[in-house]
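[1] Sequence and predicted structure, then a few things I'm wondering about:
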Amino acid sequence: MLDVYSLLKFDNPDGGVWKQGFDITYEPDEWETEPLQVFVVPHSHNDPGWVKTFDKYFTDQTQHILNNMVVKLAEDPRRKFIWSEISFFSKWWETADVYKQEAMRKLILGGQLEIVTGGWVMTDEANAHYFAMIDQLIEGHQWLERNLGIIPQSGWAVDPFGHSATMAYLLKKANLTSMLIQRVHYSIKKHFASTRSLEFMWRQAWDTGSSTDMFCHMMPFYSYDVPHTCGPDPKICCQFDFKRLPGGRINCPWKVPPKSVVEANVAERAQLLLDQYRKKSKLYRSKVLLVPLGDDFRYDKALEWDQQYTNYQKLFDYMNSQPELHVQAQFGTLTDYFNALYKAYGVPPGSRPGDFPVLSGDFFAYADREDHYWTGYYTSRPFYKSLDRVIESHLRGAEILYSLAVANARHAGMEGRYPVTDYALLVDARRSVGLFQHHDAITGTAKENVVIDYGTKLLRALIGLKRVIINAAHFLVMKNKEFYRFYQTEPFLDTDDRRATQDSLPQRTLIELDPAGPRYLVLFNPIEQERLCAVTVLVNTVRVRVLTEDGQTLPVQLSAQWSSATQMSAEVFEATFMVRLPPLGLAVFHLYDSADSHMTIRSDTLLRLSGHGVAARALDPLPVRSQPADSQTFYISSQTLTLGFSGTTGLLESIRRKDDPQEVKVQMQFMIYGTRPSKDKSGAYLFLPDGKPKPYNLKELPAVRVVEGPLFSEVVAQYQHFEQTVRIHNVPGVDGLSVDITIMVDIRDQTNKELAMRLVTNIQNGDVFYTDLNSFQIQPRRFYQKLPLQGNFYPMSSQAYIQDSHHRLTLHTAQSLGISSLESGQLEVIMDRRLMQDDNRGLGQGLKDNKKTANRFRLLLEKRSMGNMMIDSGTTSFPSMVSHATSALLNHEVLALPVLPKRRGVPPLQTFAPLKSVLPCDIHLLNLRSIQTQKDPQFPSPHTALILHRLAMDCGFEGQNLGFNCTTTRGQIIVSDLFKNLDLQLLQPMSLTLMHSSTPLANDSTISLDPMEISAFKLKLR
Ligand SMILES: [Zn+2]
């Protein structure tokens, strides 16, 4: 795709009736030897929340669509339909009576209704993380298997705002054979149409063979509605949308209405339509043609079913009865179309037909017309993009701990005493997170009340997941399981934090220490490697002592909690200590209120104040110094890093690694984008800036707080619209190698402004930069002057980097945001957007519900090792091992779970370390997901899905101490050696969504993964 980008002019000449294309001509005799086969595929695009909430859509439209479907498809076996969103389908199924269910099942098994993709939703492909993309696909597919016994074969994605290669890979691994995409930049569509490349084998960029090839059909025109799917001329195609017959509620904006097909006009109507079909067919290589027939929430009235199906059947009957037309037209499902195409080329489904082209890369950024780039939604509503990822980490952690707890309970014969019913909480969370991956949810493009509905569901999921985690942790840390008693109303552990409402930031749990006795603390490490890191908890006293399980006193750095830039709390303090946690484990610590710990060291705090009040601060519970700010650069440092900060602004200026004499300029700047004065303005989808951004007005100099101590040092600079916190951890290993950055953003008093964070460095990356796709793979990008500024922005869900022959600077992110590199040496992230108007894509609202949002990052500066100058091929690139580990750290925070005080004392606890052997450090345990029973979806079966991803990495950077034993095994692992105290009773390779199984392997088999491969296995552990 990068080659295509360099080739195109990205101009926008008028293409005639097909405005963004060209004139299409054909010879009348072209179909004489091989007739045109036309498959008209009726569909209805149902958004699980957008302008209305999920439930409101279901009540108002979706249930009627599905109710009518049962009746109307049954009237004629030639009628076909496709459906994709299982969230809606399952809701309908659960409210339908057995007769309706039976009728629906008959339509599906009879091939009249095809379930396409079969995900919980049609996911967004820019902001969604691959963990969630897979999870919602599993949830949908598992529902289909349990209720209908069917397996989807074709993917259908007509509405996501740009398409990711990750989706092609996931569908391939789920054993789908073909897929369809629609929203692709109009210039790229035109180019692909002119080279007849709209159907291609989509190959992953890293694949040196063809094992990842996925057959993909790209729709050629502007939209998936009827006017843009029958052929190049919308004025004609609209006449074949029979819902728009005169007298109805909608009409054709091209001013020629449809006509009912009758004997007198059928020849003329059929000719007119066939001309469009033939022209469209000229854009593709085969003589099989796909014609979708539908739109948003279509077919909700019985009348529309009659209008479309009877008129089209008349047209088909006429066309098919005229041999000289050389056409065979019919209703079909998506797979009917694909299979006819494969048959025409004599290849099995999913194989490359003839000399069809092969393509690697992705389809971002999307523009539908002019310079209207859909790059705003990469950042829109960052609060929820962040909340989503916090919940995903909890979901993964809860799945793993629940599976381990249930397996351990079974092993101990205590299954009956464990709250296995927590499974219902997992199911609810899977579905809420799944729902949020919808292309109007995580994108931030739904109406305000719909956003609240999503937020409420997400918060409910988060609360449920925290309960699953504490219940599992309770069982797993009990030293003597005989003392284990579970009381629903009396939790053993407290949660790590709480959110008061769906739109508020979390409040960390305060651990109240008491001289009378210790408090116990359980720390959960959700990552699959041992973790050496600094952990901070809130305590109510400055007299704190932290002990490990076996009684060793840990060094503690005590620092203040700040209620404002200069005001410290007298009641709450932060205790930071360094811990070593087992992989996926739960470690136990003891906290005492004790005066005599020489291991507790108070942070040194300096307030750098500009002008206003440099006063003595006698009343502070912890010592603070203050001094007037000066323009001198000041520094903080750790054993691995030294950071320089501007004396005037308090913002980061430079990074120096201890092993590298060269200081690297990394200047943090804040910029403001405005919107255009013209009528087309930025909104939830579109980014239409009024030119280059202007520097954020730093006139009002901030109060800067510098905190230094043995375990961490940080600089906090507070501005009116954001607060920068830059922290480094003085610990060995990964946690100490990167810079922890939190930007608290609050732009609620702005109008039509977007706040950007820019990193200005002396790295000579030219116009090349790298962004991840769905946190799964890295996509090289190039800045193009020929694109408008907004066309150079890309989604970043976990990282972006720039590099030259010496250094790579990676910005890791904990939430999806839009990013670009507008000049050599720069990275620029849009942090939040406040836009007062709609941008004419159907939402009908601006973005005015901004929240106070905490955007979290880790900045990693790496040095290339000698003899390893730039090994990137230009089409692929990989993070280093340190980068992978940093991303894991940032995305999966340690959960600090205090044991609640017990009247009769706390029974003995012990650290739980589930892994028997060390996992190779390039194997990521993506999930350990308990599979539901066939009978009751609210209960777990004895089976668990183990999903592994082998990370690919760039080894050209100087080795650093990761803090854990990093070994690789060429992708080989022995699953039976993995879990301590558990017997592996089944090891069965599965397709990604567990729909296809291979022969079970011997339990002690070695399994093997290629770099980048994701594989699923069904396990029975007890
Ligand atoms: Zn949609």
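    Ah, there it is. Numbering: from 1, shown residues only.

[2] Is Lys259 in a helix, a strand, or coil?
    Secondary structure assignment for Lys259 (DSSP: H, G, I helix; E, B strand; the rest coil): coil.

[3] From Gln308, how far out is it?
    Here the criterion is C-beta to C-beta, to the nearest Å. By it, Lys259 lies 14 Å from Gln308. Bear in mind the C-beta positions are built from the backbone N, C-alpha and C, glycine included.

[4] For the spatially closest residue to Trp120 that is not a sequence neighbour, give me phi and psi.
    Among residues not flanking Trp120 along the chain, Gly434 sits closest, at 3.6 Å (C-beta to C-beta, 6 or more residues apart in numbering). Backbone torsions for Gly434, taken as degrees, to the nearest 10, come to phi -60, psi -50.

[5] where does this protein come near the ion, residue by residue?
    Contact residues, the chain versus the ion (C-beta under 5 Å from the ion): Asp47, Asp159.

[6] May I have the beta-bridge partners of the closest residue to the ion within the stretch 201-350 of the chain?
    Going by C-beta to the ion, the ion is nearest to Asp296 of the stretch 201-350 of the chain, at 6.8 Å. With DSSP bridges applied, Asp296 shows beta-bridge pairing to His45.

[7] doesn't His45 make contact with it?
    Yes: between Asp296 and His45 there is a contact under C-beta atoms under 8 Å: 4.8 Å.

[8] What segments of the stretch 451-600 of the chain are strands?
    497-498, 507-508, 510-511, 519-524, 531-539, 544-548, 553-554, 556-562, 568-581, 586-593, 600-602 (DSSP state E, counting those that start in this stretch).

[9] Dump the ones you listed to JSON lines, plus mean pLDDT.
    Below are those laid out as JSON lines (pLDDT from 0 to 100):
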{"stretch": "strand 497-498", "mean pLDDT": "98"}
{"stretch": "strand 507-508", "mean pLDDT": "97"}
{"stretch": "strand 510-511", "mean pLDDT": "97"}
{"stretch": "strand 519-524", "mean pLDDT": "98"}
{"stretch": "strand 531-539", "mean pLDDT": "97"}
{"stretch": "strand 544-548", "mean pLDDT": "95"}
{"stretch": "strand 553-554", "mean pLDDT": "94"}
{"stretch": "strand 556-562", "mean pLDDT": "95"}
{"stretch": "strand 568-581", "mean pLDDT": "95"}
{"stretch": "strand 586-593", "mean pLDDT": "96"}
{"stretch": "strand 600-602", "mean pLDDT": "91"}
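
[10] Those into CSV, with extra columns for mean neighbour count?
    Output for the strands of the stretch 451-600 of the chain, formatted as CSV (neighbours: other C-beta atoms under 10 Å):
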stretch, mean neighbour count
strand 497-498, 16
strand 507-508, 14
strand 510-511, 18
strand 519-524, 23
strand 531-539, 22
strand 544-548, 22
strand 553-554, 18
strand 556-562, 21
strand 568-581, 19
strand 586-593, 22
strand 600-602, 17
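
[11] Using CSV, please lay out these together with distance to Ala302.
    Converted to CSV, these look like this (distance: least, C-beta to C-beta, whole Å):
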stretch, distance to Ala302
strand 497-498, 49
strand 507-508, 52
strand 510-511, 60
strand 519-524, 54
strand 531-539, 60
strand 544-548, 69
strand 553-554, 71
strand 556-562, 63
strand 568-581, 60
strand 586-593, 57
strand 600-602, 74
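
[12] What residues does Asp740 make contact with?
    Contacts of Asp740 were listed using C-beta atoms under 8 Å, 6 or more residues apart in numbering, and they are Thr725, Val726, Arg727, Ile728, His729, Arg856, Phe857, Arg858.

[13] Tell me which residue in the stretch 351-500 of the chain sits closest to the ion.
    As assessed by C-beta to the ion, the ion sits closest to His439 within the stretch 351-500 of the chain, at 5.5 Å.

[14] Contacts only, for that residue.
    Asp47, Val121, Met122, Thr123, Asp124, Glu125, Asp159, Pro160, Phe161, Thr445.

[15] Check the stretch 851-1000 of the chain for the residue nearest the ion and tell me.
    Thr993 (22.1 Å).

[16] Surely that residue and Gln136 touch.
    No: counting by C-beta under 8 Å, Thr993 sits too far from Gln136 to count as a contact (10.0 Å).

[17] Go ahead and report the secondary structure state at Asp336.
    Quick answer, by three-state DSSP: Asp336 is helix.

[18] same deal with Arg758?
    strand.
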